[in-house]
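> here you go, sequence then predicted model.
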Amino acid sequence: MSTLLIVVPPVLADVLAPPLAKAGLTVLVHGRDSYAPDSIDYVLSFRPPPGLIRSLAKTKVVLSLGAGVDGFLTDPLFPKNIPLVRFVDPTLSQEMAQYVVMHVLIHHRRQRMFEEAQRAHQWRQILLPRRTAETRIGILGLGEIGQVCAGHLGALGFRVSGWSRTHKAVDGVTGFAGEGERDAFLRQSDILVCLLPLTPDTRGILNAALFQKLPKDAYVINVARGGHLVERDLIAAIDSGHLSGAALDVFETEPLPQTSPLWAHPKVLLTPHVAAISDPAAGVASVLDTIRRVENCEPLINVVDMDRGY
């Protein structure tokens, strides 16, 4: 019988452990159950303590409970010879797309202005700043989630483009790739959506230099990782009038400190890292499928490329 170590918050462990144990695994919860490090065959986590995975010398595969794996790769002691499998869930992709579409429309349809008018008892009829077909949305990161978002936004009539490390052909999306084409991509992004994986190359990418390459009054939506954004640069770009605002779901420090100026900024919309939450049932199914593949000597899917970081 294989032994799975779960390294997640207790409330999530209580949901995941019973169905995994029912499937025939020996399930242990880090911080609650005692175990010998050499007894662990598999690890399921999202952001394990630094050095933990390295201490589990006989681990066959590490499974991420999320699509992003920076919580593992920021650990300098992570053993990169062990396969790391990321969680890919169509439901998560659709929920992320819903969130992105919601904030694109809130900004495009000037919903916050109408809410202010309602509070002031004002009947304020205005035209949209630009036609939908003339509104250019740039998706920074054309992975699976980025492509789902692009499809939904294109169906609503927006002009959608995408930037990725290498060229990707996506129906209805104008593609840009590589460092040589990033500036051109930014120059035509009225609304910029960040969906990049967090790697050493992308950390801090949403900074003052990048914001200056966006059109005046551009809007920024970050649903990737807080580490992508230099928060002080965003505030400065908004306060200078170059950017019209931002919607943020992720932050460098979470929970967001009470002292952060983002809380009270009138042109920033915040949510507490809830754009898309991994479905526990889908997570269980993914774990069981991966373990089955290992035990049957079948090829793994969604294995992270350690050199690229995703």
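Ah, there it is. Numbering: from 1, shown residues only.
> run through the chain and note the low-pLDDT ranges.
Along the chain, segments meeting pLDDT under 70 are nowhere present.
> show me how it divides into domains.
Per automatic domain parsing, the domain ranges recorded for the chain read 3-89+278-295, 90-270.
> hey, C-alpha coordinates of stretch 105-112 in PDB?
Provided in PDB are the C-alpha atoms of stretch 105-112 (Å, rounded to 0.1, in the frame of the first residue of the first chain):
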ATOM      1  CA  LEU A 105     -16.400  44.200 -17.900                       C
ATOM      2  CA  ILE A 106     -16.400  46.200 -14.600                       C
ATOM      3  CA  HIS A 107     -13.700  48.400 -16.100                       C
ATOM      4  CA  HIS A 108     -14.900  48.500 -19.700                       C
ATOM      5  CA  ARG A 109     -18.500  49.300 -18.700                       C
ATOM      6  CA  ARG A 110     -17.400  51.800 -16.000                       C
ATOM      7  CA  GLN A 111     -19.400  50.000 -13.400                       C
ATOM      8  CA  ARG A 112     -17.500  51.700 -10.400                       C
END
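> ok so, going back, just tell me which of the domains of the chain ends up closest to Arg308.
Closest to Arg308 of these, according to Cβ to Cβ: domain 90-270, at 7.1 Å. C-beta coordinates here come from the backbone N, C-alpha and C atoms, glycine included.
> in CSV: the domains of the chain, plus mean neighbour count and distance to Arg308.
Formatted as CSV, the domains of the chain follow (neighbours: other Cβ atoms under 10 Å; distance: least, Cβ to Cβ, whole Å):
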stretch, mean neighbour count, distance to Arg308
domain 3-89+278-295, 17, 10
domain 90-270, 17, 7
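> roughly how far apart are Ser240 and Arg130?
Using Cβ to Cβ, to the nearest Å, Ser240 is found at 21 Å from Arg130.
> same check, this time on Met96
Counting by Cβ to Cβ, the gap from Met96 to Arg130 is 25 Å.
> okay, strands next: where are they in the chain?
3-7, 26-29, 42-45, 61-64, 84-85, 136-140, 159-164, 173-177, 191-194, 218-222, 243-248, 268-270 (DSSP state E).
> kindly reformat those as TSV containing distance to Pro280.
Shown next, in TSV, are the strands of the chain (distance: least, Cβ to Cβ, whole Å):
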stretch	distance to Pro280
strand 3-7	11
strand 26-29	14
strand 42-45	11
strand 61-64	14
strand 84-85	17
strand 136-140	28
strand 159-164	30
strand 173-177	32
strand 191-194	26
strand 218-222	25
strand 243-248	26
strand 268-270	25
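> closest to Leu77 out of those strands?
Per Cβ to Cβ, nearest to Leu77 of these: strand 61-64, 12.9 Å.
> give the pairing partners of that closest one; include direction for each.
strand 42-45 (parallel), strand 84-85 (parallel) (DSSP bridges).
> what sits up against that strand?
With contact meaning Cβ atoms under 8 Å, 6 or more residues apart in numbering, strand 61-64 is reached by 42-46, 53, 71-72, 82-87, 286-287, 290-291, 294, 300, 304.
> which residues touch the nearest residue to Thr174 once chain neighbours are set aside?
Spatial nearest neighbour of Thr174, excluding adjacent residues (Cβ to Cβ, 6 or more residues apart in numbering): Ser161 at 4.0 Å. For Ser161, the contact set (Cβ under 8 Å, 6+ apart) comprises Arg136, Ile137, Gly138, Ile139, Val173, Thr174, Gly175, Phe176, Phe185, Gln188, Ser189.
> now tabulate those residues in TSV and tack on distance to Ser260.
Shown next, in TSV, are the contacts of Ser161 (distance: Cβ to Cβ, whole Å):
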residue	distance to Ser260
Arg136	30
Ile137	27
Gly138	26
Ile139	26
Val173	34
Thr174	35
Gly175	35
Phe176	32
Phe185	29
Gln188	31
Ser189	26
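> ok so, going back, so which of the contacts of strand 61-64 are in helices?
Ile53, Gly71, Phe72, Ser286, Val287, Thr290, Ile291, Val294 (DSSP state H).
> which of those residues sits closest to Ile6?
The closest of the ones in helices among the contacts of strand 61-64 to Ile6 turns out to be Val287 (Cβ to Cβ; 9.4 Å).
> surely that closest one is in contact with Leu20?
Yes - if you go by Cβ atoms under 8 Å, Val287 and Leu20 touch, sitting 6.5 Å apart.
> what's stretch 303-310 in contact with?
Residues outside stretch 303-310 that contact it (Cβ under 8 Å, 6+ apart) are 64, 68-70, 73, 80, 83-86, 143, 165, 197-201.
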